[in-house]
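Chemist: Could you look at this predicted model? Sequence included:
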Amino acid sequence: MLNHRAYIGEAIHKGTGYAGEHERLIDQKTWDNVQSILQQSPRLRANNTRAETPAPLKGLRYGPDGAAFSPTHTRKGDRLYRYYVSQTVLKHGAGKCTVARVPAAEIEAAVIGQIRGMLRAPEVVVAT
């Protein structure tokens, strides 16, 4: 859909673009920006997105059924809401896991609090 040239007022026939009789739906600058993004590798685009949303517990959090929790996020307006979601939920639906998703800030704060507590104990520091 993002490659369909009709949005910029063109008609395509046998791979060649012609000026269409319809009005363009998006401006050329927006079209060029989208096309430059699409030219990037999907893996590179995904890495850029992941870099914007940190997930320090990625690969370390597992649910009661043993399935890994994956970081995800959503936006509402200017706010970013981060979560860790069970792979079971992602693959089989919300009712398949007793702990479907956990707010990232809460679980990360709990883990950091536990680590800080351990580092304050001299015997733990010496043993480590």
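Modeler: Yep, it's here.

Chemist: quick one: the strands in the chain?
Modeler: With DSSP state E as the criterion, the chain has strands at 10-13, 16-19, 69-76, 79-86, 101-103.

Chemist: got those as JSON lines, with distance to Thr30, mean pLDDT and mean neighbour count columns?
Modeler: Heads up, the C-betas are built off the backbone N, CA and C, glycines and all. Formatted as JSON lines, the strands of the chain follow (distance: least, C-beta to C-beta, whole Å; pLDDT from 0 to 100; neighbours: other C-beta atoms under 10 Å):
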{"stretch": "strand 10-13", "distance to Thr30": "15", "mean pLDDT": "83", "mean neighbour count": "12"}
{"stretch": "strand 16-19", "distance to Thr30": "17", "mean pLDDT": "83", "mean neighbour count": "10"}
{"stretch": "strand 69-76", "distance to Thr30": "20", "mean pLDDT": "88", "mean neighbour count": "14"}
{"stretch": "strand 79-86", "distance to Thr30": "24", "mean pLDDT": "90", "mean neighbour count": "17"}
{"stretch": "strand 101-103", "distance to Thr30": "34", "mean pLDDT": "89", "mean neighbour count": "16"}
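
Chemist: I'd like the ones you listed as TSV, with distance to His4 appended.
Modeler: Output for the strands of the chain, formatted as TSV (distance: least, C-beta to C-beta, whole Å):
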stretch	distance to His4
strand 10-13	8
strand 16-19	11
strand 69-76	26
strand 79-86	30
strand 101-103	35
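
Chemist: what residue ranges in this protein are flagged as low confidence?
Modeler: For the chain, residues meeting the criterion pLDDT under 70 lie at 45-53.

Chemist: Packing partners of the longest helix along the chain?
Modeler: Using DSSP state H to define each element, the chain has its longest helix at helix 104-120. Here helix 104-120 touches strand 79-86, going by 3 or more C-beta pairs under 8 Å, 6 or more residues apart in numbering; DSSP states H and E.

Chemist: what lines up beside the strand it packs on in the sheet?
Modeler: In the sheet containing strand 79-86, its partner strands are strand 69-76 (antiparallel), strand 101-103 (antiparallel), by DSSP bridges.
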